[in-house]
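**Student:** how would this look folded up:
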Amino acid sequence: MRVFSFCLFLVIGLSVNLVNGQKTKIKSAQISFEFVSKKVKGTISGFKSESSIDVGNLENSIFKGSVSSETLDTNSGLRNWSLKSGKYFDADDYPKISFKSNKVKLEGEKLVVNGELTIKETLKPITITFTRKENQLIGTTSLYSIDYGIKIKKKREDNLVKIKMVFDINS
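**Tutor:** Down below sits the predicted model:
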């Protein structure tokens, strides 16, 4: 049954022509985040992707991309300036936040992507779980900003950040 679900997801879900060996690419992204303890929501843009989903051999898929730290936007100019400063994201010295997968697998109907996220000079493992809706992959993950040298609150658990990615893909 799992093999059937896997094949159905790949053939119908991603709508890629296996005969021509096409790979699905990410065309654009909308990325949002929430600093949970502060109830602060925002977006980040400047997305660049070198991702490629190999439908015929999912293990060969690569999710690789970056966003620009300078584009952090919480709808508050003063807060944006503060977050981009040396105390937090240090956008001048670390202009990019990047991710590169090291494992892509299907679990049920979800695409699970394990990889490494780099913020400032800190590289940490992270897992992103994607679901498919029409021509989009919708991914979610969580992290603790303090693990990346971005201390919003004193306690680690108060530095929880929820992240949502909506990737438009070609079909």
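
**Student:** now do residue 35 against residue 144, distance only.
**Tutor:** Residue 35 sits 11 Å away from residue 144, going by CB to CB, to the nearest Å. Every residue, glycine included, has its C-beta placed from N, CA and C.

**Student:** so the two - more neighbours on which side?
**Tutor:** Neighbour totals were compared for residue 35 and residue 144, and residue 35 leads with 21 against 16 (other CB atoms under 10 Å).

**Student:** any idea what the more buried one is bridged to?
**Tutor:** residue 40, residue 161 (DSSP bridges).

**Student:** rewinding a little: list residues touching both of residue 35 and residue 144?
**Tutor:** Residues touching both residue 35 and residue 144 (CB atoms under 8 Å, 6 or more residues apart in numbering) are 159-161.

**Student:** of those, which is the nearest to residue 62?
**Tutor:** Of all these, the one with the least separation from residue 62 (CB to CB) is residue 161, at 24.3 Å.

**Student:** mind picking out the helix or strand in the protein with the poorest mean pLDDT?
**Tutor:** When the helices and strands of the chain are scored by mean pLDDT, DSSP states H and E, helix 2-8 comes last with a mean of 40.

**Student:** pLDDT score for the closest residue to residue 95 other than its chain neighbours?
**Tutor:** The shortest distance from residue 95 to any non-neighbouring residue, by CB to CB, 6 or more residues apart in numbering, is to residue 69 (5.6 Å). If you check residue 69, the pLDDT there is 97.

**Student:** check contacts around residue 69.
**Tutor:** Here residue 69 is in contact with 44, 84, 89-91, 94-97 (CB under 8 Å, 6+ apart).

**Student:** now intersect those with the helices, please.
**Tutor:** Of the contacts of residue 69, the ones assigned to helices by DSSP state H are residue 84.

**Student:** neighbour count and pLDDT for the contacts of residue 69 - can I get that in JSON lines?
**Tutor:** Listed next are the contacts of residue 69 as JSON lines, based on neighbours: other CB atoms under 10 Å; pLDDT from 0 to 100:
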{"residue": "44", "neighbour count": "21", "pLDDT": "97"}
{"residue": "84", "neighbour count": "17", "pLDDT": "97"}
{"residue": "89", "neighbour count": "24", "pLDDT": "97"}
{"residue": "90", "neighbour count": "18", "pLDDT": "97"}
{"residue": "91", "neighbour count": "21", "pLDDT": "97"}
{"residue": "94", "neighbour count": "16", "pLDDT": "98"}
{"residue": "95", "neighbour count": "15", "pLDDT": "98"}
{"residue": "96", "neighbour count": "15", "pLDDT": "97"}
{"residue": "97", "neighbour count": "22", "pLDDT": "98"}
